[in-house]
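*Asks:* sequence isn't available, so here's the structure alone:
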């Protein structure tokens, strides 16, 4: 038994090869490096070109790795252009230094304006960073830092990777990194020191050189020269000597008292605060050696005016308040309101008070039972509404009115300028058509036709002007209540014009333009109603005048013509339909059903009376004659088709679609759609007595009348015609309509377009709109106006990037505004894009003002300054040509002098002294200035870069690059060192 137990113990094997968490982490890092193909030597790449770190494209790849339960991000940063160009290079020699070590000494890209901090400190173009995960704590303890660094070192050695790898330690805000780069027999250690305050002994170049020399510990004598690059950065924050970006308000004008106040019809533009917050001037000495320059605690040669390179960057104000953006934002907020007009204005503004007014039946009795002392024209709905409005105003305190009376009158006068002078109806008509008289010229203008893309309204139309006024009133004169008040007055003005036959100013003639917004179509529809009503009244007056003349001419011979006169009077009294409508009790008269039956036998009489009975002829048609007689074929006077807005067309299509596909539904649908055809047939029969369907088809649809040459019995070639096959189909709607059509001229027919009904529908539709609905209708017009304003302002400043953005926003707005159900979230983002463009233009304007770029002065300096300003807007940092002696440098110098001078005085003294500097020449220093006031303030930041190549750690070691980047600021002292060591014998 004992032997069996001994044998069983032999098979108990303990596995000591299980990988630890640390080993798994190292293995995972190696896998990532292999996946990214960062193994091997890449030292054969060429040195980067000057400025390539700024103009090139920086890319990064990232993956998650874990050390036990602690998560890390491993990220590869690299300059894309460089990597792509050098992919096909040959295998380099083994003794060539790694690429990172070569970059430590490269001087082509010192102080890049926009790059990772490690790129700025070490000049690297390819490196890997391991940083703690998002919710993980920082690596603070020294033991953990050393553990990570040892992991990095082992991973680099196992993979043969020559790309430097860094580990982020300490808190993230400190930007502390420790790293390593390995090559064949060489190693570079990257170390960083960061303090809150600059030690006094290291506050100058000589102290930093002492640190650098002691760190590299070179025993050679003399020491190899140290290459020095220095950059001092000065910040200018004081713009007090320049004018306010907006004109101060003029309190004497009607629209005064507002910043950027503008007249009606114009949008404000520009920032209400300085859009450029700071100007950073970087003065650089790129190539210095230790013996050339002196900078210690007693004396410094580093005068910014003597620096060979100047570069400037501007820091912009974040989200400055801009007027156009504020107007659009407030207008967009108005679109989201839910209140009705009555809720906003209160019942007192929309109805008469019950205590002070008798029952409304008294008003109705006045309309239905007028007395002899009151003219019937004074009892229209419009006059009663205006009377009630005056009564309400008289009994309401002035401060209760949402919109000031003077402002309201100015708005209405801007919207309806034809109301300024009392004019006749004829003048009104010509005035109404005036804004579109040059339409052919404006069609050539892309800005004018912009409304077609945005589905808004022409820029000279009433709808467009209304949008501008609503926006201005909403922003400056009371918000929602003022808009509701203005809309109420606007609708009342439209009703007044409808009832008094005054055309609406600023609308193109003709039917509603379906390419425009719905509100514009509604206003055009109302104008069509007014035009039809005016035309009827003109015809009625003409007929009445001709009858009066006939009575005067006939005189005593009236008895001989009594029969024709009585017949005509009978026709007139019976046919007093839509073309003779007036405000009398016959206003809604329609043709009676027996009228056609009375006239039909008369028309079917002998041919000798057919010509005298013809009515409603316009002109002969192409010398054609009727098929059954020798009478010419006349084009009849027909009714114009009923104009329709897009919502009416949609309703009609829905009704027709609901009829279904049955035979009865199809037949009913065809009859509903043939109302205009039936009217034209009746007019044709009245103008051409004795005609047949073939005659009508020859005029109305010539393709449906087929003619062909045939030989008759006598052998003569004659032309014979007949209806097309589709016209001969049994149950054809044209044949049925022709058989049911009566002989009725257009003036006696039932109206295809009931302008009275349609006008009331439009006015009711407008009166029921909430202020938010009005704003939604006008939103395309406001965006249209904003884009035009941006294009106008951009053309003055000429900013290519903004011009390109405007073109992109137009196509984007076209997609957002055309659908009936708009995406208001996307519209809000779109308005923010317009605000960004406004800010860009105001920044350009601000910089041009500061650098005195004006259109009046032309020359080489002006061209150079314009190019300089445009570059400041597009690039992160711009070099100043000529440094402090060039035209831009002289202006920058003067800016700093003025700022320094103003800083030494109180605000009142500074206001008096500042303008004196504007008259100084570019090269002159300020005369009479206190010698104690320096031209420049103390530098906000000092960057000193020290480089050399010395053998380490022994004098006989290989000479390797050493680098120290020093940052000295008021609240930060940073040393970023890269020290290389020869590891061949150590």
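*Replies:* Perfect, I can see it now. For clarity, every value in this text was computed on a predicted model and none was experimentally measured.

*Asks:* my read is that residue 775 contacts residue 484, right?
*Replies:* No - the criterion here is Cβ atoms under 8 Å, and residue 775 misses it with residue 484 at 10.8 Å. Using the backbone N, CA and C atoms, a C-beta is placed for each residue, glycine as well.

*Asks:* which neighbours do the two share?
*Replies:* By Cβ atoms under 8 Å, 6 or more residues apart in numbering, residue 775 and residue 484 have no common neighbours.

*Asks:* stretch 156-169: end-to-end distance?
*Replies:* End-to-end distance of stretch 156-169 (Cα to Cα, to the nearest Å): 19 Å.

*Asks:* how about that stretch: buried residues?
*Replies:* Under the neighbour-count criterion of 16 or more other Cβ atoms under 10 Å, stretch 156-169 has 156, 159, 161, 162, 163, 164, 165, 166, 167, 168, 169 buried.

*Asks:* in the stretch 101-250 of the chain, which spans are helices?
*Replies:* Using DSSP state H, counting those that start in this stretch, the helices found in the stretch 101-250 of the chain span residues 117-122, 142-159, 205-216.

*Asks:* tell me which of those lies nearest to residue 292.
*Replies:* With respect to residue 292, and counting by Cβ to Cβ, the nearest of those is helix 205-216 at 11.0 Å.

*Asks:* chain center to the closest one, what's the gap?
*Replies:* A distance of 56 Å separates the centroid of the chain from that of helix 205-216, by Cα atoms, centre = their mean, to the nearest Å.

*Asks:* which phi and psi values does residue 287 adopt?
*Replies:* phi -130, psi 100 (degrees, to the nearest 10).

*Asks:* kindly state the domain boundaries assigned to the protein.
*Replies:* 21-42+51-82+97-215+946-982, 621-690+728-756 (the TED database).

*Asks:* and those, which one averages the lowest pLDDT?
*Replies:* Among the domains of the chain, domain 621-690+728-756 carries the lowest mean pLDDT, a mean of 80.

*Asks:* now the terminal residues of that domain, how far apart.
*Replies:* Using Cα to Cα, the span of domain 621-690+728-756 from its first residue to its last is 33 Å.

*Asks:* please renumber so the chain begins at 20
*Replies:* Sounds good: first residue 20 from here, last item domain 640-709+747-775.

*Asks:* the closest residue to residue 211 other than its chain neighbours and residue 225: what is the separation?
*Replies:* Of all residues beyond its chain neighbours, the one nearest residue 211 is residue 995 (5.0 Å), with distances taken as Cβ to Cβ, 6 or more residues apart in numbering. Residue 995 is 19 Å from residue 225, where distance means Cβ to Cβ, to the nearest Å.

*Asks:* before we move on, what about residue 319?
*Replies:* From residue 319 to residue 225 the distance is 10 Å (Cβ to Cβ).

*Asks:* same thing with residue 861?
*Replies:* Separation of residue 861 from residue 225 (Cβ to Cβ) stands at 46 Å.

*Asks:* who's more crowded, the two?
*Replies:* In this view residue 861 and residue 225 are compared by other Cβ atoms under 10 Å, and residue 861 has more residues nearby, 28 against 16.

*Asks:* in terms of contact, does that one touch residue 291 like I think?
*Replies:* No - checked against Cβ under 8 Å, the pair residue 861 and residue 291 is beyond contact range at 9.7 Å.

*Asks:* which one of the helices of the stretch 120-269 of the chain lies closest to residue 495?
*Replies:* helix 136-141 (47.7 Å).

*Asks:* so who does the closest residue in space to residue 249 that isn't next to it in sequence touch?
*Replies:* Of all residues not flanking residue 249 in the chain, residue 304 sits nearest, at 4.5 Å (Cβ to Cβ, 6+ apart). Neighbour list for residue 304: 247, 248, 249, 250, 312, 321, 326, 327, 328 [criterion: Cβ under 8 Å, 6+ apart].

*Asks:* name the SS class of residue 65, please.
*Replies:* Put simply, residue 65 is coil when judged by DSSP: H, G, I helix; E, B strand; the rest coil.

*Asks:* could you do residue 995 as well?
*Replies:* strand.

*Asks:* so how many other residues sit close to it?
*Replies:* 23.

*Asks:* cool, residue 792 as well?
*Replies:* Burial of residue 792 is recorded as 18 neighbouring residues (other Cβ under 10 Å).

*Asks:* swap in residue 226?
*Replies:* 18.

*Asks:* around the closest residue to it other than its chain neighbours, how many other residues sit close by?
*Replies:* Once flanking residues are discounted, residue 226 sits nearest to residue 220: 5.0 Å by Cβ to Cβ, 6+ apart. Neighbourhood size, residue 220 [other Cβ under 10 Å]: 12.

*Asks:* thought residue 220 was touching residue 228?
*Replies:* No - applying Cβ under 8 Å as the test, residue 220 and residue 228 come out as separate, 11.8 Å apart.

*Asks:* residue nearest the centroid of this protein?
*Replies:* Centroid-nearest residue in the chain, with Cα atoms, centre = their mean: residue 853, separated by 4.0 Å.

*Asks:* what's the spacing between stretch 952-961 and its chain's center?
*Replies:* The chain centre lies 42 Å from the centre of stretch 952-961; the measure is Cα atoms, centre = their mean.

*Asks:* can you give the contact residues for that stretch?
*Replies:* Stretch 952-961 is contacted from outside by 249-254, 299, 323-324, 912, 915-916, 918-920, 922-923, 944, 985-989, using Cβ under 8 Å, 6+ apart.

*Asks:* now a PyMOL select for only the buried ones of the residues you listed.
*Replies:* Here is the PyMOL selection string for the buried members of those, based on 16+ other Cβ under 10 Å:
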select buried, resi 249+250+251+252+253+254+299+323+912+915+916+918+919+920+985+986+987
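
*Asks:* now the lengthiest helix in the chain: average pLDDT?
*Replies:* Ranked by number of residues, the top helix in the chain under DSSP state H is helix 537-573. The pLDDT scores in helix 537-573 average 82.

*Asks:* one more: stretch 785-804?
*Replies:* In this model, stretch 785-804 has an average pLDDT of 90.

*Asks:* ok, the spatially closest residue to residue 421 that is not a sequence neighbour - how many residues close by?
*Replies:* Once flanking residues are discounted, residue 421 sits nearest to residue 500: 3.8 Å by Cβ to Cβ, 6+ apart. Number of residues near residue 500 (other Cβ under 10 Å) recorded here: 21.

*Asks:* can you give me the buried ones in stretch 232-248?
*Replies:* Neighbour-count burial for stretch 232-248, with 16+ other Cβ under 10 Å as criterion, is recorded at 232, 234, 235, 237, 245, 246, 247, 248.
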